[in-house]
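Student: got a predicted structure plus its sequence, pasted below:
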Amino acid sequence: MSAFAFSLVISAAVLHAIWNAIVKSAVDRTVILGLVALGQVIPGAILITILPFPGWEAMAYVGLSTVIHFGYFLMLGTAYRHGDLSVVYAIARGSAPVLVTLWAQLLIGEVLPFWAWIGILCVALGILTLSKDVLKGHVSKMAVWSALGTGLCISSYSVVDGIGVRLSAHTISYVAWGAFAHIFITGFVFITRWERVRAIPRSAAIKGLLGGVVSIIAYGLVLQAKYYAPLGMVSAIRESSVIFAALIGVFFFHERPISTRLIAATIVACGIVLIGLNGA
């Protein structure tokens, strides 16, 4: 991998951790997630006016992906309401590639190489390291289960979008329509919680919108990097965001215990890298 491609992927990883930190830091996470979705709608709306239509067959997957994203936002907001950034992020991002990899074997018969299984075991070990704090009262059960639910949603929309992109006549157009379709998520939040939306401080609203824009930029950087480097390598290095989220949680949100969070996040990241590199 070239230094340029590496810098693109690392930048995407940092930005992804940052927008999750924005959600975690919010007082009203449901409203902020609605604003994050709006921050994705705006660039999506601009892009769909200048890009070719992806095709109706692909649009069916855009719709299904939007429904799954609704569950993703619901689970993510619940997880951050009950748990720390360093715990929730590691469990959610760590469980997703494991589920995708297992589904690939169960549904379409892809055979996992030895080192991919070692990667899965590493992710499981990292998650167990974080989850053992549940027994000590440091982490709530709701945080763990919601984080796992978030991972399930991530793996689900990853599979759906993977199929949808292949059916699409234009990859970036598919992504743009997917971002624009988040208008339904924003609409639901605004309609059902309008008084809370009106009450949110302007600075918090701006942070939410920026979070959405940042998430789209992060995804765009990953797509760009895939032109210059192997897909598995890009996906694997992208998940270094688990470590960045742990660092943000420890040093900015003062989450404790420090050693457990950082060690577990590193184990999870190493496992994801093994899965990504050996699943290419």
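Tutor: Here it is on my side, so go on. Numbers count the residues shown, from 1 in each chain.

Student: if I pick the closest residue to residue 180 other than its chain neighbours, what's in contact with it?
Tutor: With Cβ to Cβ, 6 or more residues apart in numbering as the criterion, residue 180 has its nearest non-adjacent residue at 3.5 Å, and that residue is residue 44. C-beta: built from backbone N, CA, C; applies to glycine. When contacts are counted by Cβ atoms under 8 Å, 6 or more residues apart in numbering, residue 44 touches 176, 177, 178, 179, 180, 181, 182, 216.

Student: can you check residue 226 too?
Tutor: For residue 226, the contact set (Cβ under 8 Å, 6+ apart) comprises residue 234.

Student: what separates it from residue 237, distance-wise?
Tutor: 11 Å (Cβ to Cβ, to the nearest Å).

Student: go on, residue 174?
Tutor: When Cβ to Cβ is applied, the distance between residue 174 and residue 237 equals 23 Å.

Student: now residue 70: closest residue in space, sequence neighbours ignored.
Tutor: If you skip the residues right next to it in sequence, residue 70 has residue 185 as its closest partner in space, 5.6 Å away by Cβ to Cβ, 6+ apart.

Student: tell me, how many residues neighbour that neighbour?
Tutor: Using other Cβ atoms under 10 Å, residue 185 has 23 other residues around it.

Student: swap in residue 57?
Tutor: The burial metric for residue 57, expressed as a neighbour count using other Cβ under 10 Å, is 12.

Student: so who does it touch?
Tutor: Residues residue 167 are the ones in contact with residue 57 under the rule Cβ under 8 Å, 6+ apart.

Student: can you pull the pLDDT of it?
Tutor: At residue 57, the pLDDT value in this model is 93.

Student: following the lowest-mean-pLDDT helix or strand in the chain, which helix or strand comes up?
Tutor: Here the helix or strand of the chain ranked lowest by mean pLDDT, DSSP states H and E is helix 231-238, holding a mean of 71. Moving toward the C-terminus from helix 231-238, the next helix or strand (DSSP states H and E) is helix 241-251.

Student: list the buried residues of that next one.
Tutor: Judged by neighbour count (16 or more other Cβ atoms under 10 Å), helix 241-251 contains these buried residues: 241, 242, 243, 244, 245, 246, 247, 248, 249, 250.

Student: so the third one sits against residue 266, correct?
Tutor: Yes: distance between residue 243 and residue 266: 6.1 Å, which falls inside the contact criterion (Cβ atoms under 8 Å).

Student: just give the closest residue to residue 61, not the sequence neighbours.
Tutor: residue 164 (3.0 Å).

Student: same check on residue 218?
Tutor: residue 15 (3.9 Å).

Student: okay, the helix or strand encompassing residue 93 in CSV with CA atoms only?
Tutor: Element membership for residue 93 (DSSP H and E) is helix 85-108. Written as CSV, here are the backbone C-alpha positions of helix 85-108 (Å, rounded to 0.1, in the frame of the first residue of the first chain):
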residue,chain,number,x,y,z
LEU,A,85,-17.3,5.2,23.7
SER,A,86,-14.3,2.9,24.0
VAL,A,87,-16.5,0.0,24.9
VAL,A,88,-19.5,0.5,22.5
TYR,A,89,-17.4,1.3,19.5
ALA,A,90,-15.0,-1.6,19.9
ILE,A,91,-17.9,-4.1,20.3
ALA,A,92,-20.0,-2.7,17.5
ARG,A,93,-17.2,-2.4,15.0
GLY,A,94,-15.5,-5.6,16.1
SER,A,95,-18.6,-7.8,15.9
ALA,A,96,-19.6,-6.5,12.4
PRO,A,97,-16.8,-8.0,10.3
VAL,A,98,-17.0,-11.2,12.2
LEU,A,99,-20.7,-11.5,11.4
VAL,A,100,-20.1,-10.6,7.7
THR,A,101,-17.3,-13.2,7.4
LEU,A,102,-19.4,-15.9,9.1
TRP,A,103,-22.4,-15.1,6.9
ALA,A,104,-20.3,-15.4,3.8
GLN,A,105,-19.4,-18.9,4.8
LEU,A,106,-22.9,-20.0,5.8
LEU,A,107,-24.8,-18.3,3.0
ILE,A,108,-22.6,-18.5,0.0
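
Student: buried sites along that helix?
Tutor: The neighbour-count check on helix 85-108 (16+ other Cβ under 10 Å) flags 85-101, 104 as buried.
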